[in-house]
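Enquirer: pasting a predicted model and its sequence here:
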Amino acid sequence: RWLGQQAEALGVEIFPGFAAAEILYNEDGSVKGVATGNMGINREGEPTGAFQLGMELHAKYTFFAEGARGHLGKQLISKYKLDAGRDPQT
């Protein structure tokens, strides 16, 4: 919480409670930002009365802090071949 307050004081926008669902890319292949998942979906995948469409968050810098085994991290590793020539355990 403290670090978040420090970052916001510097102008960083933080969206707690909104998980990134997909990576957005520019035409040149660089990361444009992320999209959040839709909210208010029932178990069958149907929208409820509290449905909210996910948001696209575009940024000059996008930091991924979910770890190397997160679902977005795996996509980045695959797209940019970040594991080429490396031991997958380290």
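Expert: Received it, and whenever you're ready, just let me know what you need.
Enquirer: state whether Q5 is indeed within a strand.
Expert: No - assessed with DSSP: H, G, I helix; E, B strand; the rest coil, Q5 is helix; it does not lie in a strand.
Enquirer: for Y61, grab the count of nearby residues.
Expert: Residue neighbour count, defined by other Cβ atoms under 10 Å, stands at 7 for Y61. In short, each C-beta sits where N, CA and C put it, glycine included.
Enquirer: the one 5 residues further on now?
Expert: Taking other Cβ under 10 Å as the criterion, the count of residues near E66 is 12.
Enquirer: for it, give me its contacts.
Expert: Applying Cβ atoms under 8 Å, 6 or more residues apart in numbering, one finds that E66 lies in contact with L72, G73.
Enquirer: pLDDT below threshold where in this structure?
Expert: Filtered on pLDDT under 70, the chain yields the residue ranges 68, 90.
Enquirer: strands of the chain, start to end?
Expert: In chain order, the chain shows strands spanning 20-25, 31-36, 39-41, 47-52, 56-58, with DSSP state E as the criterion.
Enquirer: just give the nearest non-adjacent residue to the spatially most central residue of the chain, would you?
Expert: With distances taken as Cα atoms, centre = their mean, A20 lies nearest the centre of the chain, 3.4 Å away. In this structure, A20 finds its nearest non-sequential neighbour in V34, 3.8 Å apart by Cβ to Cβ, 6 or more residues apart in numbering.
Enquirer: what's that neighbour in contact with, if anything?
Expert: Neighbouring residues of V34 by Cβ under 8 Å, 6+ apart: A20, A21, E22, I23, L24, E56, L57, T62, L72.
Enquirer: was I right about the last one contacting A19?
Expert: What that stands for is L72. No - applying Cβ atoms under 8 Å, one finds L72 not in contact with A19, separated by 9.5 Å.
Enquirer: out of these two, which sits in the more crowded spot?
Expert: A direct count of neighbours by other Cβ under 10 Å for L72 and A19 places L72 higher, at 18 against 13.
Enquirer: mind checking the end-to-end distance for stretch 11-24?
Expert: When the termini of stretch 11-24 are compared using Cα to Cα, to the nearest Å, they are 22 Å apart.
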